[in-house]
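# sequence first, then the predicted structure, then my questions.
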Amino acid sequence: MLTTPEQSADSAGGDGSVEATMLAIGRRARAAADRLALASAEQKTRALTEMAKAVRASVPAILAANGDDVADMKAAGTSQALIDRGTLSAERIEAIATSIEVVAALDDPVGQIIADWRRPNGLEIERVRTPLGVVGIIYESRPNVTADAGVLCLKAGNAAILRGGSDTRRSAAAIHRALVAGLEAAGLPADAIQVVPTRDRAAVGHMLSGLDGNVDVIVPRGGRGLVERVQAEARVPVFAHLEGLCHLFVHADADLDMARTIAVNAKMRRTGICGAMETLLIDRAVVDTHLGPIVTALQEAGCAIRGDATVVARCADVAPASDDDWATEYLDAILSVKVVDGLDGALDHIARYSSHHTDAIVTADEAAATRFLATVDSAIVVHNASTQFADGGEFGMGAEIGIATGRFHARGPVGVEQLTSFKYRVHGTGQTRP
């Protein structure tokens, strides 16, 4: 079994030893993936069920490990938003266990027939889901991603190589031990879910190179710097999640109470997640009735407001917004607010600044909502609900590895189905091609 990150985090003495470590991880992952591709649905379900049990049994150990991580983050002056991302509680650990059980209960995607048809010559053709193989996940801060990524990959028949952030390495290692216990209880290889046992940044470079052909896809989950590096250096396909610069547009026909409630939730429920609203757009037609009450409610909830000239003139305690604010993912209790000229103004602003993650409209006008949902080019578009529903769990997927903001293969929450590919099965009765 692999040593845990805290046992060997600094054991690799130089890039050569890091390379050897990473190549060995890749080889073991490929061997595990070959076995997982043939594992039965029942065997995978048992492993996931045992993982959930092990997570619950490990609550004291996980909390102790997390307490050490949080203490280090505070001592290092880490922002409160990032500390919140990295903090676990008994409730959050129970949510991890519950999400594992939800994934366990999902239909096994491997072997599912996506489509089938019969050709005039009698050939029967099926398009069938298959595992991707080995998935490398590079993430920051959130220790729950260790479980989310590991269990989703397993359900889809993939091996996972996890490279988490050093700030929550102890928490990730404690969760990983519970996942390995589940694998072993079901007779599946422990190497099916591996945690990179070094904090050396060179390990990321080796993952991006593909580990001698043993990594099939990379999923980055973190800040702009991480994702841009992955996109620039990866020599294998990437499910990209750049950032969550999410907008909420309050249309002229928005109900004030609904808009106010949604705005406060979209920003302040959890400010450090990628689905948190970062820019609020108010239709100029309701600036007299909606702007003040919504801004006041946000301020009373503890949010600092940066506004355009209209917002500054009409609302107290608002700082002027700079051009950079419209392009900033704060991940904190800070919000940009702008007054726009109707739906066209909102669409123009979103087209210029959106990160293609999640954008929402509040309106009773179905035609305006239909146009917004059709026009905005984001992975998730929302009508009359909070942007914070941008989450695989909320979509019924049990969990997610991340929100893919690209356009190929996977888009939106990356769950079990998105972690599969497909192949064609062709059945004949002796046909030859003329």
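Happy to help now that I have it. Numbering: from 1, shown residues only.

# so, low pLDDT: which residues of the stretch 1-150 of the chain?
Applying pLDDT under 70 to the stretch 1-150 of the chain flags the ranges 1-16.

# could I get the full set of strands for it?
Secondary structure of the stretch 1-150 of the chain by DSSP state E, counting those that start in this stretch: the strands cover 113-118, 124-131, 134-139.

# sheet partners, orientation included, of the second one?
So that's strand 124-131. Here strand 124-131 has these sheet partners by DSSP bridges: strand 113-118 (antiparallel), strand 420-427 (antiparallel).

# repeat for the last one
On the basis of DSSP bridges, the sheet neighbours of strand 134-139 come out as strand 159-163 (parallel), strand 217-221 (parallel).

# out of those strands, which gets nearest to Gln418?
strand 217-221 (9.8 Å; CB to CB). To be clear about C-beta, it is placed using only N, CA and C from the backbone, and glycine gets the same treatment.

# export the strands paired with strand 134-139 as a markdown table, with columns for mean neighbour count and distance to Asp359.
Shown next, in a markdown table, are those (neighbours: other CB atoms under 10 Å; distance: least, CB to CB, whole Å):
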| stretch | mean neighbour count | distance to Asp359 |
| --- | --- | --- |
| strand 159-163 | 28 | 30 |
| strand 217-221 | 25 | 20 |
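
# out of those strands, flag the one nearest Arg260.
Among those, strand 217-221 sits nearest to Arg260 (CB to CB), with 31.5 Å.

# not counting the closest one itself, show me its contacts.
The contact list for strand 217-221 (CB atoms under 8 Å, 6 or more residues apart in numbering) reads 132-133, 135-140, 142, 145, 149, 207-208, 226-227, 230-231, 234, 236-241, 401-402, 414.

# determine which stretch of the strands of the stretch 1-150 of the chain is the most buried.
strand 134-139 (a mean of 28; mean count of other CB atoms under 10 Å).

# quick one: contacts of that strand?
Residues outside strand 134-139 that contact it (CB under 8 Å, 6+ apart): 26, 29-30, 33, 145, 149, 153, 158-165, 204, 207, 211, 214-222, 226, 230, 236, 401-402, 419.

# now Pro131: closest residue in space, sequence neighbours ignored.
Once flanking residues are discounted, Pro131 sits nearest to Gly157: 3.4 Å by CB to CB, 6 or more residues apart in numbering.

# output stretch 400-418 as CSV, restricted to C-alpha atoms.
The C-alpha trace of stretch 400-418 is given here as CSV (Å, rounded to 0.1, in the frame of the first residue of the first chain):
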residue,chain,number,x,y,z
GLU,A,400,-18.7,15.8,-8.9
ILE,A,401,-15.0,16.1,-9.6
GLY,A,402,-15.6,19.7,-10.8
ILE,A,403,-17.6,21.9,-13.2
ALA,A,404,-16.1,21.6,-16.7
THR,A,405,-16.4,25.0,-18.5
GLY,A,406,-15.0,23.8,-21.8
ARG,A,407,-17.2,22.5,-24.7
PHE,A,408,-15.9,19.1,-25.4
HIS,A,409,-17.0,15.7,-24.0
ALA,A,410,-17.9,16.9,-20.5
ARG,A,411,-19.5,20.2,-19.6
GLY,A,412,-21.0,21.3,-16.3
PRO,A,413,-20.7,18.9,-13.3
VAL,A,414,-18.3,16.1,-14.1
GLY,A,415,-20.0,13.0,-12.6
VAL,A,416,-20.1,9.3,-13.3
GLU,A,417,-21.3,9.5,-16.9
GLN,A,418,-18.9,12.2,-17.8
